[in-house]
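S.K.: What follows is a protein structure lacking sequence information:
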C-alpha cells in the first residue's frame, strides 16, 4: 500500500556498513525506476557518498536530491537520516550537519514497493547494496536534530527494539522498525 511508507512530513533512519563500493546501489527505496518513483536512499560511487532522492510527480518528475557527507570507507558503520519537512529534503550522516535541498512539494504516492537493500526495475530487485544494513526506523513526523543526535548516541546507537515492540515514541508516532 502506497500509504504504508510515506516520507511526506516524515523521517527514516538506518545504520549501514558498506563492504564494496563500485556501483550505484539502493539502500532504502520506494521506486520502480519508471512510473512510480517516490523516494530513495542510495549509494553513489562517484562521489562515494549517500544520496537522498524524492520525486513529486509520476514518472520521476519533480526530482530533488541531497548528497550527504562524508566520503565513505568500506567496513565502517554509518547512521543515515533522511527527513522531509514539506519545504526541504535533508540527509545527515552520523548526526552531522544535515545537507538540505529545497523541495516545496508533496512526494508522489504511487505503487512502487518499499525495498531495503535494493533498487527496483520492472518489479525485480537490482543494484543491490553490498554491505550490511542494521536497524531501520520510520516516523510519520520530522525528527529534530537533538533527536537524531540521541539516536546516534556518539556512534553507539540506541536499542531500537523497545521502539519496534511498542510502535510508539514519546514525542510522536513510530511507524515501523526493522531489526535486520
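M.R.: That came through fine. On a predicted model such as this, the values are computed, not experimentally measured, just so you know. Residues are numbered from 1 along each chain as shown.
S.K.: any idea where the strands of this protein begin and end?
M.R.: With DSSP state E as the definition, the chain shows strands at residue ranges 11-18, 25-31, 37-44, 49-54, 64-67, 78-84, 88-93, 99-102, 114-116, 119-121, 124-126, 131-139, 168-169, 172-178.
S.K.: Of all those, which one is nearest residue 156?
M.R.: In terms of CB to CB, the element of the strands of the chain nearest to residue 156 is strand 78-84, at 9.9 Å. Yep, even glycine has a C-beta here, placed from its N, CA and C like the rest.
S.K.: and residue 41, how many neighbours?
M.R.: 23 (other CB atoms under 10 Å).
S.K.: Could you check how far it is from residue 159?
M.R.: In this structure, residue 41 lies at 22 Å from residue 159, with CB to CB, to the nearest Å as the measure.
S.K.: Assess the claim that residue 57 and residue 108 are in contact.
M.R.: Yes - in this structure, residue 57 is within contact of residue 108 by CB atoms under 8 Å, at 5.6 Å.
S.K.: And those two? Which one has more around it.
M.R.: Legend: neighbour count by other CB under 10 Å for residue 57 and residue 108, higher for residue 108 (23 against 14).
S.K.: Against residue 27, how distant is the closest residue to the more buried one other than its chain neighbours?
M.R.: Once flanking residues are discounted, residue 108 sits nearest to residue 55: 5.1 Å by CB to CB, 6 or more residues apart in numbering. Distance of residue 55 to residue 27, computed by CB to CB: 17 Å.
S.K.: again with residue 91
M.R.: Between residue 91 and residue 27 the distance is 11 Å, computed by CB to CB.
S.K.: which residues are common contacts for those two?
M.R.: Both residue 91 and residue 27 are contacted by 41, 50, 80, under the criterion CB atoms under 8 Å, 6 or more residues apart in numbering.
S.K.: Can you name the residues bridging to residue 11?
M.R.: Taking DSSP bridges as the rule, residue 11 bridges to residue 83, residue 139.
S.K.: Equivalent analysis for residue 37, please.
M.R.: Applying DSSP bridges, one finds that residue 37 bridges with residue 31.
S.K.: pretty sure it is in contact with residue 64, am I right?
M.R.: No - under the criterion of CB under 8 Å, residue 37 makes no contact with residue 64, lying 11.7 Å away.
S.K.: joint contacts of those two?
M.R.: Common neighbours of residue 37 and residue 64 are listed as residue 55 (criterion: CB under 8 Å, 6+ apart).
S.K.: more neighbours, the two?
M.R.: Neighbours were counted for residue 37 and for residue 64 using other CB under 10 Å; residue 37 has more, 26 against 18.
S.K.: list the contacts for the spatially most central residue of the chain?
M.R.: Relative to the mean C-alpha position of the chain, the nearest C-alpha, by CA atoms, centre = their mean, is the one of residue 41, at 4.4 Å. Taking CB under 8 Å, 6+ apart as the criterion, residue 41 is in contact with 12, 14, 26-29, 50-53, 80, 82, 91.
S.K.: Cheers, nothing more for now.
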